[in-house]
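Undergrad: give me coordinates for this.
(one chain, ligands or ions: 2)
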Amino acid sequence: MLCLGIESTAHTFSCAVIEKNQKRGKILSDVRRIYKPPEGQGIHPREASRHHIENSSSILSECLDESKIKINDLDMIAYAGGPGLGPCLRVGAVVARSLSSYYKIPIYPVNHAIGHLDLGKLLTGAKNPLVLLVSGGHTMLLAFVSGRWRVFGETLDITLGQLLDQFGRSLGFASPCGRKIEELAIKSSKYIPLPYTVKGNDVSFSGLLSAAKNITSEGFDSACFSLQETAFAMIAEATERALSFTNKKELMIVGGVAANKRLSSMLKDVCRRQDSKFFVVPLNYAGDCGSQIAWTGLLQSQVKKSASMKDTFVKQSWRLDTVDIDY
Ligand code: AMP
Ligand code: MG
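TA: Ligands and ions are numbered 1, 2, ... in the order given. The predicted structure is shown next:
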């Protein structure tokens, strides 16, 4: 079974082809291009969607060339139906619908966040993990219970990715800023106290963001170090409590911020204490990509019929805990 996955929820336009053989999935190609806003600014949805429109056909051609297949070889197409930025989502949906109707290929809308979880499980081999999803759009602790991913904790305001990106932009860096902040943080070990806000199993980052902006005069390196230490310790505390409560013996971390080594090292300590195995999605597949959409589409196709054209929706708000999963 060959599936083309199309991702366009925010900054990334990506196409990927995965071949599924029983339970195994092989990524044949995964091509992406990322919209970069001007330095100091966030994503402008209209500009990002223009980037996606301009790049979509060359990314699709590259993806098919790399996978060495022709469009007619595809058994199905999956696209990210949400959650995400409306103008960006529509580009991916239009590309998917056009290919599907012209070449008569079955089409599946996919929840982007569930794509992160399914691809994480495929690539790490985790079976029944507690999941920490940390990205530009999500900060959630999740466990699969009774046919749905259930939320055990989440951010009450901005996401961990937004915290890093907004702080980085205040220093004048171009978004996304997570990697730059990580590079600066490694150069310091001076901790400047910052607000630490864990409420039950939820976290809140907006007060931390405001306070961190006020300590930059003490040096960018120390400010980045203190921001990371505080935010990641909050996440680690909530994760440890959720592991203990759910008694899961695996922890898997997915989403763009999963690329951060300091976060992984703190979570490894948590796993050691809770006697759980630690899995982190490979760096190259931590962020948004077509593979996450293709793989979830393939899993869905085991139990669901393809969508009719009138059901090929996009939804800006589409929480993953509202999706029934029966594959
Ligand atoms: P996603 O939405 O899954 O594509 O993830 C994007 C987010 O990951 C952005 O907020 C980035 O700043 C963040 N990110 C990427 N690399 C790193 C890193 N090495 N450390 C922390 N955050 C990162
Ligand atoms: Mg994402």
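Undergrad: for the residue nearest to the spatial centre of the chain, which non-adjacent residue is spatially closest?
TA: Taking CA atoms, centre = their mean, the centroid of the chain lies closest to Gly255, which sits 3.5 Å from it. Spatially, and ignoring its direct neighbours in sequence, Gly255 is nearest to Ser135 (3.2 Å; CB to CB, 6 or more residues apart in numbering). Just so you know, the C-beta spots here come from the backbone N, C-alpha and C atoms, and that holds for glycine as well.
Undergrad: please enumerate the helices of the stretch 151-300 of the chain.
TA: 160-170, 178-185, 206-213, 220-246, 261-274, 290-301 (DSSP state H, counting those that start in this stretch).
Undergrad: how about the residue in the stretch 201-327 of the chain that ligand 1 sits nearest to, nearest residue that isn't a chain neighbour?
TA: Using CB to the nearest ligand atom, Gly256 is the residue of the stretch 201-327 of the chain that sits closest to ligand 1, at 1.9 Å. Excluding the flanking residues, the one nearest Gly256 by CB to CB, 6+ apart is Gly287, at 4.0 Å.
Undergrad: okay, now that neighbour: neighbour count?
TA: Neighbours of Gly287 under the rule other CB atoms under 10 Å: 26.
Undergrad: for Leu171, same thing?
TA: 17.
Undergrad: tell me the phi and psi of it?
TA: phi -90, psi 0 (degrees, to the nearest 10).
Undergrad: which bits of this structure sit near ligand 2?
TA: For the chain, the residues in contact with ligand 2 (CB under 5 Å from the ion) are 135, 288.
Undergrad: tell me the domain ranges of the chain?
TA: According to automatic domain parsing, the chain comprises the domains 2-116+286-322, 128-285.
Undergrad: export the ones you listed to CSV and tack on mean pLDDT?
TA: Shown next, in CSV, are these (pLDDT from 0 to 100):
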stretch, mean pLDDT
domain 2-116+286-322, 96
domain 128-285, 96
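Undergrad: want to throw the ones you listed into a markdown table with distance to Leu122?
TA: Shown next, in a markdown table, are these (distance: least, CB to CB, whole Å):
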| stretch | distance to Leu122 |
| --- | --- |
| domain 2-116+286-322 | 5 |
| domain 128-285 | 9 |
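Undergrad: quick check: the gap between Gln228 and Lys180.
TA: Distance, Gln228 to Lys180, using CB to CB, to the nearest Å: 12 Å.
Undergrad: more neighbours: the two, which one.
TA: Gln228 (25 against 18).
Undergrad: how about the spatially closest residue to the more buried one that is not a sequence neighbour, what does it touch?
TA: Sequence neighbours aside, Ala185 is the residue nearest to Gln228 in space, at 4.7 Å (criterion: CB to CB, 6+ apart). By CB atoms under 8 Å, 6 or more residues apart in numbering, the contact list for Ala185 reads 221, 224-225, 227-228, 262.
Undergrad: for Ala185, give its distance to Asp269.
TA: According to CB to CB, Ala185 stands 17 Å off from Asp269.
Undergrad: so Phe245 sits right up against Arg150, yeah?
TA: No: in this structure, Phe245 is not within contact of Arg150 by CB atoms under 8 Å, at 11.7 Å.
Undergrad: ok, now how distant is the residue of the stretch 151-300 of the chain at minimum distance from ligand 2 from Ala80?
TA: The nearest approach of the stretch 151-300 of the chain to ligand 2 comes at Asp288, 4.4 Å away (CB to the ion). Distance, Asp288 to Ala80, using CB to CB: 8 Å.
Undergrad: okay, those two: which has more neighbours?
TA: The residue with more neighbours, out of Asp288 and Ala80, is Ala80; 33 against 28, by other CB under 10 Å.
Undergrad: that one should be in a strand, yeah?
TA: Yes: assessed with DSSP: H, G, I helix; E, B strand; the rest coil, Ala80 lies in a strand.
Undergrad: skipping its backbone neighbours, what lies nearest it in space?
TA: Spatially, and ignoring its direct neighbours in sequence, Ala80 is nearest to His112 (4.4 Å; CB to CB, 6+ apart).
Undergrad: picking up where we left off before, among the helices of the stretch 151-300 of the chain, which is the most enclosed?
TA: Comparing the helices of the stretch 151-300 of the chain by mean neighbour count (mean count of other CB atoms under 10 Å), helix 290-301 ranks first with a mean of 29.
Undergrad: near ligand 1, anything from it?
TA: No: shown here: helix 290-301 not in contact with ligand 1 (CB under 6 Å from any ligand atom), separated by at least 9.1 Å.
Undergrad: does anything pack onto that helix? Which helices or strands?
TA: Helix 290-301 sits against strand 2-7, strand 12-21, strand 24-34, strand 76-82, strand 107-111, helix 112-124, with contacts defined as 3 or more CB pairs under 8 Å, 6 or more residues apart in numbering; DSSP states H and E.
Undergrad: is the longest one anywhere near ligand 1?
TA: No: contact of helix 112-124 with ligand 1 (CB under 6 Å from any ligand atom) is absent, the minimum separation being 6.8 Å.
Undergrad: what do you get for the fourth one?
TA: No: for a cut-off given as CB under 6 Å from any ligand atom, strand 76-82 has no contacts with ligand 1; the smallest distance is 11.7 Å.
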